[in-house]
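*Asks:* need a structure here:
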Amino acid sequence: MVMRLQACFSASLLALAALALCAGTRAQAQSTASPTAGNGTYVASDPLANVRYDDRFDASLGAAYGHIHAGPTLNQGANLGGLDLTGSYWFSKHWALEGSGRAYLGTSGAGAHDPPIKGPFVSQYLFAGGPEWLGPHNKHGALIAHALVGGAYFDSHLDSLTPQDVDFYPNQFALAAIVGGHFDLNRSAHWVFRVTPDMLFTRYNANYATPTTPIGAHDNFNFALSVGIEYKFKTKR
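*Replies:* Numbering: from 1, shown residues only. Next up is the predicted model:
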(Lines give C-alpha, C1' and ligand atoms only; values in the text may rest on other atoms or scores of the structure.)
Protein backbone atom coordinates (compact mmCIF):
# COMPACT_ATOMS: atom_id res chain seq x y z
CA MET A 1 0.00 0.00 0.00
CA VAL A 2 2.78 2.40 0.97
CA MET A 3 4.64 1.60 -2.23
CA ARG A 4 1.50 2.24 -4.27
CA LEU A 5 0.98 5.60 -2.51
CA GLN A 6 4.62 6.58 -3.16
CA ALA A 7 4.29 5.61 -6.79
CA CYS A 8 1.08 7.64 -7.17
CA PHE A 9 2.65 10.61 -5.38
CA SER A 10 5.76 10.41 -7.56
CA ALA A 11 3.63 10.23 -10.69
CA SER A 12 1.65 13.24 -9.55
CA LEU A 13 4.81 15.25 -8.91
CA LEU A 14 6.15 14.33 -12.35
CA ALA A 15 2.89 15.38 -13.94
CA LEU A 16 2.88 18.70 -12.10
CA ALA A 17 6.53 19.30 -13.01
CA ALA A 18 5.79 18.54 -16.65
CA LEU A 19 2.82 20.93 -16.64
CA ALA A 20 4.88 23.64 -14.95
CA LEU A 21 7.70 23.18 -17.45
CA CYS A 22 5.33 23.34 -20.39
CA ALA A 23 3.62 26.43 -18.96
CA GLY A 24 6.95 28.17 -18.39
CA THR A 25 8.19 27.39 -21.89
CA ARG A 26 4.94 28.69 -23.39
CA ALA A 27 5.07 31.88 -21.33
CA GLN A 28 8.67 32.45 -22.35
CA ALA A 29 7.79 31.96 -26.01
CA GLN A 30 4.89 34.42 -25.75
CA SER A 31 7.08 37.00 -24.04
CA THR A 32 9.77 36.72 -26.72
CA ALA A 33 7.25 37.07 -29.54
CA SER A 34 5.47 40.02 -27.98
CA PRO A 35 6.00 43.27 -29.97
CA THR A 36 5.99 45.25 -26.74
CA ALA A 37 8.68 43.34 -24.85
CA GLY A 38 12.46 43.72 -24.69
CA ASN A 39 14.78 45.76 -26.92
CA GLY A 40 13.01 44.63 -30.08
CA THR A 41 10.13 47.00 -29.46
CA TYR A 42 9.36 49.27 -32.47
CA VAL A 43 8.71 52.84 -31.38
CA ALA A 44 6.95 54.99 -33.96
CA SER A 45 8.00 58.66 -34.19
CA ASP A 46 6.61 61.59 -36.19
CA PRO A 47 9.28 64.12 -37.32
CA LEU A 48 6.50 66.58 -38.19
CA ALA A 49 4.80 66.46 -34.79
CA ASN A 50 6.32 69.80 -33.73
CA VAL A 51 5.62 71.72 -36.95
CA ARG A 52 4.04 75.05 -36.01
CA TYR A 53 3.40 78.13 -38.09
CA ASP A 54 4.32 80.56 -35.33
CA ASP A 55 7.94 81.44 -36.19
CA ARG A 56 9.04 85.06 -36.45
CA PHE A 57 11.83 84.67 -39.02
CA ASP A 58 12.68 82.29 -41.82
CA ALA A 59 15.29 82.22 -44.58
CA SER A 60 15.71 80.13 -47.72
CA LEU A 61 18.45 79.53 -50.26
CA GLY A 62 17.85 77.86 -53.59
CA ALA A 63 19.25 77.15 -57.02
CA ALA A 64 17.54 79.60 -59.38
CA TYR A 65 16.52 79.55 -63.03
CA GLY A 66 15.36 82.60 -64.95
CA HIS A 67 14.42 83.27 -68.56
CA ILE A 68 14.92 86.71 -70.11
CA HIS A 69 15.29 88.45 -73.45
CA ALA A 70 18.57 90.36 -73.49
CA GLY A 71 17.40 92.88 -76.07
CA PRO A 72 14.20 94.50 -77.37
CA THR A 73 14.38 92.94 -80.85
CA LEU A 74 15.97 89.56 -80.08
CA ASN A 75 13.91 86.46 -80.83
CA GLN A 76 16.29 84.21 -78.89
CA GLY A 77 15.74 83.96 -75.18
CA ALA A 78 18.42 83.55 -72.54
CA ASN A 79 18.25 80.75 -69.96
CA LEU A 80 20.08 81.89 -66.86
CA GLY A 81 21.06 80.06 -63.69
CA GLY A 82 22.00 81.38 -60.29
CA LEU A 83 21.00 81.70 -56.64
CA ASP A 84 17.89 82.89 -54.81
CA LEU A 85 18.26 84.15 -51.23
CA THR A 86 14.99 85.03 -49.48
CA GLY A 87 14.02 86.00 -45.94
CA SER A 88 10.71 86.74 -44.20
CA TYR A 89 9.58 88.55 -41.07
CA TRP A 90 6.14 87.33 -39.91
CA PHE A 91 3.81 89.86 -38.29
CA SER A 92 1.01 87.33 -37.83
CA LYS A 93 0.21 83.75 -38.75
CA HIS A 94 -0.84 84.69 -42.30
CA TRP A 95 1.11 87.87 -43.16
CA ALA A 96 4.81 88.62 -43.47
CA LEU A 97 7.23 91.05 -45.10
CA GLU A 98 9.48 89.21 -47.54
CA GLY A 99 12.73 90.32 -49.14
CA SER A 100 14.47 88.51 -52.00
CA GLY A 101 17.83 88.87 -53.73
CA ARG A 102 18.54 86.89 -56.89
CA ALA A 103 21.56 86.66 -59.17
CA TYR A 104 21.47 85.05 -62.62
CA LEU A 105 24.16 84.37 -65.21
CA GLY A 106 24.05 82.66 -68.60
CA THR A 107 24.52 82.95 -72.34
CA SER A 108 22.19 84.62 -74.82
CA GLY A 109 21.57 84.79 -78.51
CA ALA A 110 22.84 87.99 -80.13
CA GLY A 111 21.94 90.20 -83.05
CA ALA A 112 23.71 90.15 -86.41
CA HIS A 113 27.31 91.27 -86.27
CA ASP A 114 30.41 90.99 -88.46
CA PRO A 115 32.23 88.90 -87.43
CA PRO A 116 29.38 86.87 -85.90
CA ILE A 117 29.25 86.63 -82.12
CA LYS A 118 27.78 83.55 -80.47
CA GLY A 119 26.67 82.98 -76.92
CA PRO A 120 27.86 86.08 -75.08
CA PHE A 121 27.29 86.09 -71.32
CA VAL A 122 24.63 88.26 -69.71
CA SER A 123 23.72 88.63 -66.05
CA GLN A 124 20.70 89.91 -64.15
CA TYR A 125 20.41 90.86 -60.49
CA LEU A 126 17.08 91.42 -58.74
CA PHE A 127 16.34 92.91 -55.33
CA ALA A 128 12.69 93.14 -54.27
CA GLY A 129 10.44 93.17 -51.23
CA GLY A 130 6.75 93.07 -50.40
CA PRO A 131 3.92 91.23 -48.69
CA GLU A 132 3.79 87.46 -48.23
CA TRP A 133 0.62 85.51 -47.43
CA LEU A 134 0.37 82.05 -45.88
CA GLY A 135 -2.39 80.08 -47.61
CA PRO A 136 -3.60 76.51 -47.06
CA HIS A 137 -1.24 74.62 -44.79
CA ASN A 138 -0.86 71.66 -42.44
CA LYS A 139 2.03 69.82 -40.82
CA HIS A 140 3.09 68.37 -44.18
CA GLY A 141 3.37 71.58 -46.17
CA ALA A 142 2.02 74.96 -47.18
CA LEU A 143 1.12 77.15 -50.14
CA ILE A 144 2.45 80.71 -49.87
CA ALA A 145 1.86 83.68 -52.19
CA HIS A 146 3.93 86.86 -52.56
CA ALA A 147 4.06 90.06 -54.62
CA LEU A 148 7.43 91.84 -54.51
CA VAL A 149 8.55 95.13 -56.06
CA GLY A 150 12.07 96.44 -56.45
CA GLY A 151 14.84 96.83 -58.97
CA ALA A 152 16.85 94.83 -61.49
CA TYR A 153 20.30 95.34 -62.93
CA PHE A 154 21.13 94.04 -66.41
CA ASP A 155 24.76 93.56 -67.40
CA SER A 156 26.17 92.27 -70.69
CA HIS A 157 29.70 90.87 -70.84
CA LEU A 158 30.82 91.81 -74.35
CA ASP A 159 34.49 92.81 -73.92
CA SER A 160 35.22 95.30 -76.73
CA LEU A 161 31.69 95.39 -78.17
CA THR A 162 28.85 97.58 -76.98
CA PRO A 163 25.31 96.32 -76.21
CA GLN A 164 24.01 98.22 -79.22
CA ASP A 165 26.36 96.27 -81.51
CA VAL A 166 24.48 93.02 -80.78
CA ASP A 167 20.98 94.43 -80.08
CA PHE A 168 21.24 94.05 -76.29
CA TYR A 169 19.74 96.39 -73.73
CA PRO A 170 22.21 98.90 -72.35
CA ASN A 171 23.69 97.96 -68.98
CA GLN A 172 21.29 99.57 -66.53
CA PHE A 173 19.10 99.54 -63.44
CA ALA A 174 15.37 99.17 -64.02
CA LEU A 175 12.04 98.61 -62.30
CA ALA A 176 11.31 94.96 -61.42
CA ALA A 177 8.54 92.93 -59.83
CA ILE A 178 8.22 89.31 -58.73
CA VAL A 179 4.78 87.69 -58.49
CA GLY A 180 4.29 84.05 -57.49
CA GLY A 181 4.85 82.05 -54.35
CA HIS A 182 6.28 79.02 -52.59
CA PHE A 183 5.37 75.36 -52.37
CA ASP A 184 6.78 74.24 -49.01
CA LEU A 185 7.24 70.61 -47.96
CA ASN A 186 8.08 70.32 -44.26
CA ARG A 187 10.85 67.87 -43.37
CA SER A 188 11.00 68.77 -39.65
CA ALA A 189 10.03 71.59 -37.32
CA HIS A 190 12.91 73.71 -38.69
CA TRP A 191 13.75 72.45 -42.18
CA VAL A 192 11.61 72.82 -45.28
CA PHE A 193 12.06 71.78 -48.91
CA ARG A 194 10.93 74.75 -51.00
CA VAL A 195 9.94 75.20 -54.66
CA THR A 196 9.33 78.78 -55.85
CA PRO A 197 7.74 79.44 -59.27
CA ASP A 198 7.46 83.13 -60.20
CA MET A 199 6.66 85.58 -62.93
CA LEU A 200 9.45 88.16 -63.33
CA PHE A 201 8.65 91.60 -64.66
CA THR A 202 11.40 93.99 -65.74
CA ARG A 203 11.22 97.35 -67.52
CA TYR A 204 14.55 97.73 -69.28
CA ASN A 205 15.21 100.77 -71.45
CA ALA A 206 16.42 100.49 -75.03
CA ASN A 207 17.40 104.13 -75.46
CA TYR A 208 21.17 103.87 -75.90
CA ALA A 209 21.76 107.60 -75.77
CA THR A 210 19.97 108.30 -72.48
CA PRO A 211 19.10 104.98 -70.87
CA THR A 212 17.71 106.65 -67.73
CA THR A 213 14.77 108.22 -69.59
CA PRO A 214 11.46 106.34 -69.90
CA ILE A 215 11.51 106.66 -73.71
CA GLY A 216 12.01 103.29 -75.34
CA ALA A 217 11.28 101.25 -72.20
CA HIS A 218 10.12 97.69 -72.75
CA ASP A 219 8.03 95.52 -70.46
CA ASN A 220 9.35 91.99 -70.13
CA PHE A 221 7.37 89.16 -68.52
CA ASN A 222 9.41 86.02 -67.98
CA PHE A 223 9.32 82.80 -65.95
CA ALA A 224 11.58 81.96 -63.01
CA LEU A 225 11.93 78.90 -60.78
CA SER A 226 13.91 78.29 -57.61
CA VAL A 227 14.41 75.02 -55.72
CA GLY A 228 16.10 74.87 -52.34
CA ILE A 229 15.78 74.67 -48.57
CA GLU A 230 14.24 76.92 -45.93
CA TYR A 231 15.14 77.21 -42.26
CA LYS A 232 12.60 78.44 -39.69
CA PHE A 233 14.08 80.23 -36.71
CA LYS A 234 11.90 79.22 -33.76
CA THR A 235 11.55 82.71 -32.32
CA LYS A 236 7.83 82.74 -31.68
CA ARG A 237 5.59 85.71 -32.29
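*Asks:* how long is stretch 130-145 from one end to the other?
*Replies:* 11 Å (Cα to Cα, to the nearest Å).
*Asks:* any idea of the mean pLDDT for it?
*Replies:* In this model, stretch 130-145 has an average pLDDT of 97.
*Asks:* which parts of that stretch are buried?
*Replies:* 130, 132, 134, 137, 141, 142, 144 (16 or more other Cβ atoms under 10 Å). Glycine gets a C-beta too; all of them are placed from N, C-alpha and C.
*Asks:* same for the longest strand anywhere in the chain, what does it pack against?
*Replies:* Looking across the chain with DSSP state E, the single longest strand is strand 217-236. Contacts defined by 3 or more Cβ pairs under 8 Å, 6 or more residues apart in numbering; DSSP states H and E place strand 217-236 against strand 55-68, strand 172-186, strand 191-205.
*Asks:* Go through those and name the closest to residue 162.
*Replies:* Nearest to residue 162 among these is strand 172-186; the distance by Cβ to Cβ comes to 13.1 Å.
*Asks:* just checking, which of the buried residues of stretch 130-145 belong to strands?
*Replies:* 130, 132, 134, 137, 141, 142, 144.
*Asks:* tell me the two of those residues that are most distant?
*Replies:* Maximum pairwise distance in these, criterion Cβ to Cβ, is 22.5 Å, between 130 and 141.
*Asks:* List the pairing partners of the host helix or strand of residue 80 within its sheet, with orientation.
*Replies:* Applying DSSP states H and E as the criterion places residue 80 in strand 78-90. Strands that pair with strand 78-90, judged by DSSP bridges, come out as strand 55-68 (antiparallel), strand 95-107 (antiparallel).
*Asks:* Let me see the domain layout of the chain.
*Replies:* The chain is divided into the following domains under automatic domain parsing: 2-40, 55-236.
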